[in-house]
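Asker: prediction below, plus the sequence it came from.
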Amino acid sequence: MNADQCNTIFKKAIADYHLIDQVDAPLINPYAMGSIEALLYHKCWVDTVQWHLEDLVRDPAIDPVVGLSLKRRIDASNQLRTDLVEQIDDYLIQLFSVVQTAANRINTESPAWAIDRLSILALKIYHMEHEVNRKDAAMEHQQRCSAKLAVLIEQREDLSLSINQLLESIRGGQIRMKVYRQMKMYNDATLNPVLYQQKS
């Protein structure tokens, strides 16, 4: 597992979502259930749905009842996102279990939380590319977005390198993985079943 693999899966998840472009679209995961690929795809799908839920809730003309319902759904999505990040870390801890006692150094964040930021960057890049390529946009807007896109791409390259270096250091026993279980902020009963739904 490395950052390039993550980026490829994230691009696919985002592209697949936008084939339908509906927040209630069912998650149809193309990877084998229980695999790290399926977990990464699910993670990015949740991020993508949440991105669009947040677009909806920002509508200044939104009905307050609808807005509250969306806010609760976003809260549930945030909890699911945390759960998926922890599952990715669980996979990595198991993968590197043999070398975990060899190092005293720890990193400021776990690999999965860095991968979480990589997923969000993939979304930012997708939507910024959309702005750059909009035929109805003014040239000045396209140029501004193009400059922002270049920064985002550079950021993804740097973050990808950092993730690969971190994984290599853990694999080599120079850094020890240490993770903290996030406190449950949202009632699990509020989780929207659409977020969990997968079809084979």
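Answerer: Yep, that arrived.

Asker: and the gap between residue 149 and residue 52?
Answerer: 20 Å (Cβ to Cβ, to the nearest Å). Every C-beta, even on glycine, is put in place using the N, C-alpha and C of the backbone.

Asker: who has more neighbours out of these two?
Answerer: A count of neighbours by other Cβ atoms under 10 Å puts residue 149 above the other of residue 149 and residue 52, at 18 against 15.

Asker: with adjacent residues omitted, what lies nearest to that one?
Answerer: residue 128 (4.5 Å; Cβ to Cβ, 6 or more residues apart in numbering).

Asker: please identify which helix or strand holds the residue positioned nearest the centre of the chain.
Answerer: Nearest to the mean C-alpha position of the chain, by Cα atoms, centre = their mean, lies residue 119 at 3.4 Å. According to DSSP states H and E, residue 119 maps onto helix 111-132.

Asker: name the next helix or strand following that helix along the chain.
Answerer: From helix 111-132, the next helix or strand downstream (DSSP H and E) is helix 139-171.

Asker: so for that next one, mean pLDDT?
Answerer: Taken as a whole, helix 139-171 has an average pLDDT of 94.

Asker: what residues of it count as buried?
Answerer: 142, 145, 149, 152, 156, 159-160, 163, 166-167, 170 (16 or more other Cβ atoms under 10 Å).

Asker: and if you look at stretch 38-53?
Answerer: Quick answer for stretch 38-53 (16+ other Cβ under 10 Å): 38-51, 53.

Asker: go on, stretch 121-139?
Answerer: 121-128, 132.

Asker: contact partners of it?
Answerer: For stretch 121-139, contacts defined as Cβ atoms under 8 Å, 6 or more residues apart in numbering pick out 7, 10-11, 14-15, 18, 44, 47-48, 51, 141-142, 145-146, 148-149, 152-153, 155-156, 159.

Asker: let's go with 10 Å and repeat that
Answerer: With contact meaning Cβ atoms under 10 Å, 6 or more residues apart in numbering, stretch 121-139 is reached by 6-15, 17-18, 44, 47-48, 50-52, 55, 141-153, 155-156, 159-160.

Asker: please narrow the buried residues of stretch 38-53 to those residing in helices.
Answerer: Among the buried residues of stretch 38-53, the ones falling in helices (DSSP state H) are 38-51, 53.

Asker: send me stretch 75-82 as PDB with only the CA atoms.
Answerer: Output of stretch 75-82 as PDB, limited to C-alpha atoms (Å, rounded to 0.1, in the frame of the first residue of the first chain):
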ATOM      1  CA  ASP A  75     -22.700  14.800  11.900                       C
ATOM      2  CA  ALA A  76     -23.400  11.100  11.200                       C
ATOM      3  CA  SER A  77     -21.100  11.200   8.200                       C
ATOM      4  CA  ASN A  78     -18.300  12.700  10.200                       C
ATOM      5  CA  GLN A  79     -18.600   9.800  12.700                       C
ATOM      6  CA  LEU A  80     -18.500   7.300   9.800                       C
ATOM      7  CA  ARG A  81     -15.500   9.100   8.400                       C
ATOM      8  CA  THR A  82     -13.700   8.700  11.700                       C
END
